[in-house]
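Peer 1: give the three-dimensional model of this entry:
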Amino acid sequence: MNIGIVTTWFERGAAYVSKAYADILDRRHNVFIYARGGEKYAKEDDKWNAPNVTWGHRYKTLGTRIRWIHFKKWLETNSIDTVIFNEQNDWEVIVNCRKLDLKILSYVDYYKQDTVDLFTLYDALICNTKRHYEVFQYHRNCIYIPWGTDIRLFSPRQNDHDTITFFHSAGMGGANGRKGTDSVVRAFDRLKVPARLIVHSQAGIEKYANVAEIIQKNSSIEFINETVTAPGLYYMGDVYVYPTKLEGIGLTVAEALSCGLPVIATNNQPMNEFIVDGLNGSLVDVKRYVSRADGYYWPESECCEESLYAAMIRMCTEYTNNKLLDMKVNARVYAEEHLNWETNSSSLCEFIENIEEDKDKQSNLKKFRYKALAMSYADRKTWCDDFIYYARRIGRKLSSLD
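Peer 2: Residues are numbered from 1 along each chain as shown. Purely as a prediction, here's the structure:
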């Protein structure tokens, strides 16, 4: 089979998820990447720019919009018969693909209350968390494949810290502080015992205005602003503290556990699908749930900072009593037994190879087409982008005739 994966394709979590899929599928099939335009390209990075990668048009308005003419040519050039979409929330390309003789799939991550039924347009869905599967098990071809990680790449490394070190991945700062960085810094700043905190961010400290002053004044906090390729900087810590408000898959939780770091995280899915409280980490109470402005299906879960502070104190105590080592061992063992992507994805190829034809393909397209297109066209800025693009093309052709 010739399989195409449509995805973000540069140093971001979503791209690593797509890469994990590609690595498994590539063993039995030809895999082609359509690098959807978005935040940026990685054309200069040999890790991401390979012969099987095609770079899509970048819309200034970002999002997941795809230029159909370019995309269709990619499908035809590579004789692609199966397309897997990652976080595709612009539906026009799905409607167009539905009209062609190919199978379209999605591994589920981003969806809203009013888009759940639109996933009927896909031939099959892959859910990597129980929470996603609970929503989409209505689909005729939906499978639950537990998420995991490369446990060989993400492996424990010995450190010689003279005091307990908490490690926190802040990402890009996130919409509305999604990673819980503010809470981590405030809770750590209250600690009266010897400890260190390392905050790794792909964005500058100005993105954390609420706690920037604390970070700069507390000598026990190290702020690292750098993009680091896998396996990242987990080796710098003893405990991964990650009171995230919302996760699609929980990528870094699995990575941290695989590196032998006990994890402190919010007691909500999917984090509590990986963490057994007291065994390989600690689950922090939820203070309140808040709906997201973009209408994402699941609300954000803001952690209780008092509960977070207490969890960090417990980890410090375990470190002092030399019991944290047991929890580190438990974290790695749990990853080996439950989070090995090699094992968890063993049914992926067979599932894709045996997807049955959707007998209701045309009726479903007729039923959902206009709703899907209406959602795609709601953003008039994309219309403006298209107008400017084609106006420039026409202008260049006219100029060449002079």
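Peer 1: mind checking the backbone torsions on the residue lying closest to residue 237 once chain neighbours are set aside?
Peer 2: Residue nearest to residue 237 in three dimensions, not counting chain neighbours: residue 167, with 2.6 Å by CB to CB, 6 or more residues apart in numbering. Backbone N, C-alpha and C define where each C-beta goes, glycine included. As for residue 167, its main-chain torsions (degrees, to the nearest 10) stand at phi -120, psi 140.
Peer 1: give the contact list for residue 167.
Peer 2: Applying CB atoms under 8 Å, 6 or more residues apart in numbering, one finds that residue 167 lies in contact with 197-198, 200, 233-234, 236-241, 256, 261.
Peer 1: which of these are buried?
Peer 2: If you count burial by 16 or more other CB atoms under 10 Å, the buried members of these come out as 197, 198, 200, 234, 236, 237, 238, 239, 240, 241, 256, 261.
Peer 1: so which of those residues belong to helices?
Peer 2: Secondary structure defined by DSSP state H assigns residue 256 of those to helices.
Peer 1: wait, which of the buried ones among the contacts of residue 167 is closest to residue 358?
Peer 2: Relative to residue 358, the closest of these is residue 256; by CB to CB it sits at 39.1 Å.
Peer 1: contacts only, for residue 29.
Peer 2: With contact taken as CB under 8 Å, 6+ apart, residue 29 is in contact with 1, 2, 3, 349.
Peer 1: returning to what we had before: tell me how far the residue nearest to residue 237 lies from residue 253.
Peer 2: Noted for residue 167: a distance of 12 Å to residue 253, by CB to CB, to the nearest Å.
Peer 1: shared neighbours of those two, which are they?
Peer 2: Between them, residue 167 and residue 253 share these contacting residues under CB under 8 Å, 6+ apart: residue 240.
Peer 1: now do the same contact list for the nearest residue to residue 124 once chain neighbours are set aside.
Peer 2: Here the nearest residue to residue 124 in space, its sequence neighbours aside, is residue 141; by CB to CB, 6+ apart that works out to 3.8 Å. For residue 141, the contacting residues are 123, 124, 125, 355, 356, by CB under 8 Å, 6+ apart.
Peer 1: got these as a markdown table, with distance to residue 59 columns?
Peer 2: Formatted as a markdown table, the contacts of residue 141 follow (distance: CB to CB, whole Å):
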| residue | distance to residue 59 |
| --- | --- |
| 123 | 27 |
| 124 | 28 |
| 125 | 26 |
| 355 | 31 |
| 356 | 35 |
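Peer 1: give me the buried entries from these.
Peer 2: For the contacts of residue 141, a burial check counting by 16+ other CB under 10 Å picks out 123, 124, 125, 355.
Peer 1: CSV for the residues you listed, including pLDDT, secondary structure and distance to residue 344?
Peer 2: Output for the buried ones among the contacts of residue 141, formatted as CSV (pLDDT from 0 to 100; DSSP: H, G, I helix; E, B strand; the rest coil; distance: CB to CB, whole Å):
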residue, pLDDT, secondary structure, distance to residue 344
123, 96, coil, 22
124, 97, strand, 17
125, 97, strand, 16
355, 94, coil, 19
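Peer 1: out of the residues you listed, which is nearest to residue 177?
Peer 2: Each of the buried ones among the contacts of residue 141 was scored against residue 177 by CB to CB, and residue 125 proved nearest at 30.2 Å.
Peer 1: show me what contacts the closest residue to the closest one other than its chain neighbours?
Peer 2: Computed as CB to CB, 6+ apart, the closest residue to residue 125 that is not its neighbour in sequence is residue 142, at 4.5 Å. Shown here is residue 142, whose contacts under the criterion CB under 8 Å, 6+ apart are 124, 125, 126, 127, 133, 136.
Peer 1: which elements pack onto the strand or helix carrying the third one?
Peer 2: Using DSSP states H and E, the secondary-structure element containing residue 126 is strand 124-127. In terms of contacts (3 or more CB pairs under 8 Å, 6 or more residues apart in numbering; DSSP states H and E), strand 124-127 is packed against strand 103-107, helix 130-136, strand 142-144, helix 348-353.
Peer 1: among the ones you listed, which is the most enclosed?
Peer 2: Across those, the average number of neighbours (mean count of other CB atoms under 10 Å) peaks for strand 103-107, which reaches a mean of 23.
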